[in-house]
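*Asks:* just the structure for this:
(3 chains)
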Amino acid sequence: MITLASDFGTPYPAAMKGVMLQRTDARLVDVAHDFPRQDVRTAAFWLREVLPYFPPAVHLVVVDPGVGTDRAALAVRAGDHALVGPDNGVLLPAARELTAREGDEIEVFEVEYADSEAHPASETRAVEPRAISSTFHGRDVFAPAAAEIHEAGVEDFHERDDVVAVGEYEDLRFPDPTLDGDVAVGEVLVVDGFGNAVTNLPGELLDGRESVAVNGESVPVVRAYAELPAGDRLVTVGSHGNVELAVNRGRGDDAFGVTVGDEIRVE
Amino acid sequence: MITLASDFGTPYPAAMKGVMLQRTDARLVDVAHDFPRQDVRTAAFWLREVLPYFPPAVHLVVVDPGVGTDRAALAVRAGDHALVGPDNGVLLPAARELTAREGDEIEVFEVEYADSEAHPASETRAVEPRAISSTFHGRDVFAPAAAEIHEAGVEDFHERDDVVAVGEYEDLRFPDPTLDGDVAVGEVLVVDGFGNAVTNLPGELLDGRESVAVNGESVPVVRAYAELPAGDRLVTVGSHGNVELAVNRGRGDDAFGVTVGDEIRVE
Amino acid sequence: MITLASDFGTPYPAAMKGVMLQRTDARLVDVAHDFPRQDVRTAAFWLREVLPYFPPAVHLVVVDPGVGTDRAALAVRAGDHALVGPDNGVLLPAARELTAREGDEIEVFEVEYADSEAHPASETRAVEPRAISSTFHGRDVFAPAAAEIHEAGVEDFHERDDVVAVGEYEDLRFPDPTLDGDVAVGEVLVVDGFGNAVTNLPGELLDGRESVAVNGESVPVVRAYAELPAGDRLVTVGSHGNVELAVNRGRGDDAFGVTVGDEIRVE
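*Replies:* Presented below is the predicted three-dimensional model:
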């Protein structure tokens, strides 16, 4: 099984699928291709939330503002899973989460690829061999690598000649909240499609409370959005396990006036 | 085969897929994940139109404004098909349509699930067991249920201990038009992505007519959008078999000034 | 394997999938369903770029402003691939590209279908037989044809009784640029989701150059978007092999003030 995630919209992911299906019969599962363009951090958040629900798989991730520069292509082994994508941190939060329960170490490898001066379509776009473009490594570098790693197996892919263990790579970590007695200060990590503002504050903060002060204003704590009338602001524990600012049948980000990165103070 | 439909956008459906793929090797087919948010009625309409084209399958449907409240989780058997989703009526129009030709009865079951006070991520998001969130039953209740019902089989899933026949459930029916001689009064059920306004008026109303009066104005009746110049208003029988208000290469809803629920009077 | 492409959005493609899965167990792969509505030319461009990356497959393409008129349904054999869709030119650029390397000829067939006066839902939408709608040949004509051609095999489908070789069909060709010494004049073929303006000018034009004049203004030539600061205009060779006008982390179409069809003059 190979999952795919990118900020490509359509139809670029289909080219990646074609390239992989030249090399593997694996099941392909889309995670998302509408991540905010070139927003490594938001993609990393969602992958951390979603990928741990999958059975063992290779996860292809292409949110890659540095495409065509000398940033490396990485393959990360995380227990029974492997993640393939650019060296910009996007793979790491999910890799750590995938190994959290078993306590496995993650292992980071570089996948070497030949740069090329030729243009990808200098003869024809049809079938291989072809040059590697400088603007679409998803198709020309990462998709072939993901397919070949899938075929080699998560256990054994590091034995390939083009795979080299590396000690240094870009990391990405989400900030920890500060908890000081009755006051917790965190931030909005992402806003989902419903407008729910997901913070980095642990859901346990809300245990046993009927209301909390959010940035100074009292807001009811509920388990389900529909406990309140449509349009009412609320605080709940989201499916991520974190404190979430929301509105029943409305957008929490608008109602609270918050966006990604804003400080959230809960008392 | 399991189909998936929701109002989740991305990447939440991928979490449902991961959860199912932990339990089944079934083919997964997306119906849509961009139904209007929390709009049970529109989702019910589209499912009624689309699901009957599928071979026998389990259909997972999550448009669920009542998530986390005490509304039940349902599994509906409709001939060779099963539908799994919240008890808010969203499953029923499709279930009736799936059984219309054979004349089968639909059977409605409740799928019991354990509520939980723990937070889903209190330890780690990675792998089971985990608590059921109060905000994402698609992932924590319905997806596991759909996968397990698929594995048990549409014939036999009702033998599971967590499946109980129920006599009362939320239903949802679309209004019938009133037909009185030459005057038919119906309403707009949905507007599709092209802007075509789909009514509840039967296509047979247009048989043999070259034009009809729609809300008092004469409009040509055509078989194909392209029979008229681009931009012209028209009435046709849509792929649903119902009267549809449209514009060749334009949006019917704008040109007719109608939206969902508006009365349509055809003479 | 069957790929699907359309301008349908959702959920109409799911109906096509259901129809096909009644007839085949083939893998189904979405190329895109959000092509600009009824824009045959843009769809043809993207299919030419993407389909050659696939292994042998049947490609179902439905961008069909003439649905319900007497335009034919075509099946085009292009080497190991077959393309199925309306006779409006949308299949041809991809078919030529699929055969470019091997030098195969493309062969064009008409797929005959019975027109129908009955309404598709006059009895029930559920299961066959049913009438062919005049507004959704994707579901009622092209999807069944693609599935049946897949089952018959790309080599042999022309032996079917409903498949007839044709000599005349709508073609579609993208304009060639004019190259005159140091001046090349082309046009914008498409703008992708990132805002990159893809021209018909061959990438080789940029070989060895550090800057070129685009419509009279000097613009740097780079291999990778990220070679310049965010917001800077640039010219590069896109993944299509053509000259592309872009902005690092921004939209090239806005920055250059160009849209599809605009003349681009490179010196």
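*Asks:* which residues in the stretch 51-200 of chain A form strands?
*Replies:* Along the stretch 51-200 of chain A, counting by DSSP state E, counting those that start in this stretch, strands occupy A:58-62, A:73-78, A:81-86, A:106-111, A:163-165, A:178-180, A:183-191, A:197-202.
*Asks:* quick check: which of these is nearest to chain B?
*Replies:* Nearest to chain B among the strands of the stretch 51-200 of chain A is strand A:197-202; the distance by CB to the nearest CB comes to 8.0 Å. Glycine gets a C-beta too; all of them are placed from N, C-alpha and C.
*Asks:* wouldn't residue A:243 be in contact with residue A:196 here?
*Replies:* No: Residue A:243 lies out of contact with residue A:196 (CB atoms under 8 Å); the separation is 10.7 Å.
*Asks:* look at the two and report which has more neighbours.
*Replies:* The residue with more neighbours, out of residue A:243 and residue A:196, is residue A:243; 27 against 21, by other CB atoms under 10 Å in any protein chain shown.
*Asks:* helix or strand right after the helix or strand that one falls within?
*Replies:* Assigned by DSSP states H and E, residue A:243 belongs to strand A:242-247. Later in the chain than strand A:242-247, the nearest helix or strand by DSSP H and E is helix A:252-256.
*Asks:* quick revisit: can I get the strands of the stretch 51-200 of chain A in JSON lines with mean neighbour count, distance to residue B:54 and mean pLDDT?
*Replies:* Shown next, in JSON lines, are the strands of the stretch 51-200 of chain A (neighbours: other CB atoms under 10 Å in any protein chain shown; distance: least, CB to CB, whole Å; pLDDT from 0 to 100):
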{"stretch": "strand A:58-62", "mean neighbour count": "28", "distance to residue B:54": "29", "mean pLDDT": "98"}
{"stretch": "strand A:73-78", "mean neighbour count": "24", "distance to residue B:54": "36", "mean pLDDT": "97"}
{"stretch": "strand A:81-86", "mean neighbour count": "28", "distance to residue B:54": "32", "mean pLDDT": "98"}
{"stretch": "strand A:106-111", "mean neighbour count": "19", "distance to residue B:54": "40", "mean pLDDT": "97"}
{"stretch": "strand A:163-165", "mean neighbour count": "14", "distance to residue B:54": "42", "mean pLDDT": "95"}
{"stretch": "strand A:178-180", "mean neighbour count": "11", "distance to residue B:54": "50", "mean pLDDT": "91"}
{"stretch": "strand A:183-191", "mean neighbour count": "20", "distance to residue B:54": "34", "mean pLDDT": "96"}
{"stretch": "strand A:197-202", "mean neighbour count": "24", "distance to residue B:54": "34", "mean pLDDT": "95"}
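*Asks:* now those strands in JSON lines, with distance to chain C?
*Replies:* As requested, these are arranged in JSON lines below (distance: least, CB to the nearest CB, whole Å):
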{"stretch": "strand A:58-62", "distance to chain C": "12"}
{"stretch": "strand A:73-78", "distance to chain C": "14"}
{"stretch": "strand A:81-86", "distance to chain C": "11"}
{"stretch": "strand A:106-111", "distance to chain C": "18"}
{"stretch": "strand A:163-165", "distance to chain C": "22"}
{"stretch": "strand A:178-180", "distance to chain C": "31"}
{"stretch": "strand A:183-191", "distance to chain C": "19"}
{"stretch": "strand A:197-202", "distance to chain C": "24"}
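*Asks:* interface residues of the stretch 101-250 of chain A facing chain B?
*Replies:* Residues of the stretch 101-250 of chain A lying close to chain B (CB under 8 Å from any CB of the partner chain) are A:101-102, A:192-194, A:202-204, A:223-227, A:236-242, A:244, A:249.
*Asks:* ok, which of the strands of the stretch 51-200 of chain A comes nearest residue C:58?
*Replies:* Nearest of the strands of the stretch 51-200 of chain A to residue C:58, taken as CB to CB: strand A:58-62 at 24.7 Å.
*Asks:* low-confidence stretches in the stretch 101-250 of chain A?
*Replies:* Low-confidence regions of the stretch 101-250 of chain A, defined by pLDDT under 70, span residues A:115-130.
*Asks:* make it 90
*Replies:* A:101-105, A:113-135, A:167, A:180-182, A:239-241 (pLDDT under 90).
*Asks:* helices along that one, start to end?
*Replies:* A:137, A:143-152 (DSSP state H, counting those that start in this stretch).
*Asks:* just checking, what packs against the longest one?
*Replies:* Applying 3 or more CB pairs under 8 Å, 6 or more residues apart in numbering or on different chains; DSSP states H and E, one finds that helix A:143-152 makes contact with strand A:2-6, helix A:12-21, strand A:58-62, strand A:73-78, strand A:81-86.
*Asks:* go through that helix and flag the buried ones.
*Replies:* Residues of helix A:143-152 classed as buried by neighbour count (16 or more other CB atoms under 10 Å in any protein chain shown): A:143, A:144, A:145, A:146, A:147, A:148, A:149, A:150, A:152.
*Asks:* got the contact list for it?
*Replies:* With contacts defined as CB atoms under 8 Å, 6 or more residues apart in numbering or on different chains, helix A:143-152 is touched by A:1-2, A:15-17, A:19-20, A:22-24, A:26, A:58-60, A:73, A:75, A:82, A:84, A:111, A:113, A:157, A:159-160, A:163.
*Asks:* starting at the chain centroid, how far to that helix?
*Replies:* Centroid separation between helix A:143-152 and its chain, computed with CA atoms, centre = their mean, to the nearest Å, is 19 Å.
*Asks:* next, the angle from that helix to helix A:12-21.
*Replies:* 40 degrees (axes from the mean of the first three to the mean of the last three CA atoms, to 10 degrees).
*Asks:* angle of helix A:143-152 against strand A:58-62?
*Replies:* Note on geometry: by the same axes, to 10 degrees, helix A:143-152 and strand A:58-62 are set 170 degrees apart in direction.
*Asks:* isn't residue A:97 up against residue A:54?
*Replies:* No: with contact defined as CB under 8 Å, residue A:97 does not reach residue A:54; the gap is 11.5 Å.
*Asks:* name the nearest residue to the single nearest residue of the stretch 151-267 of chain A relative to chain C, sequence neighbours excluded.
*Replies:* In the stretch 151-267 of chain A, the residue that lies nearest chain C is residue A:170 (13.7 Å; CB to the nearest CB). What sits nearest to residue A:170 in space, not counting adjacent residues and going by CB to CB, 6 or more residues apart in numbering or on different chains, is residue A:89, at 4.4 Å.
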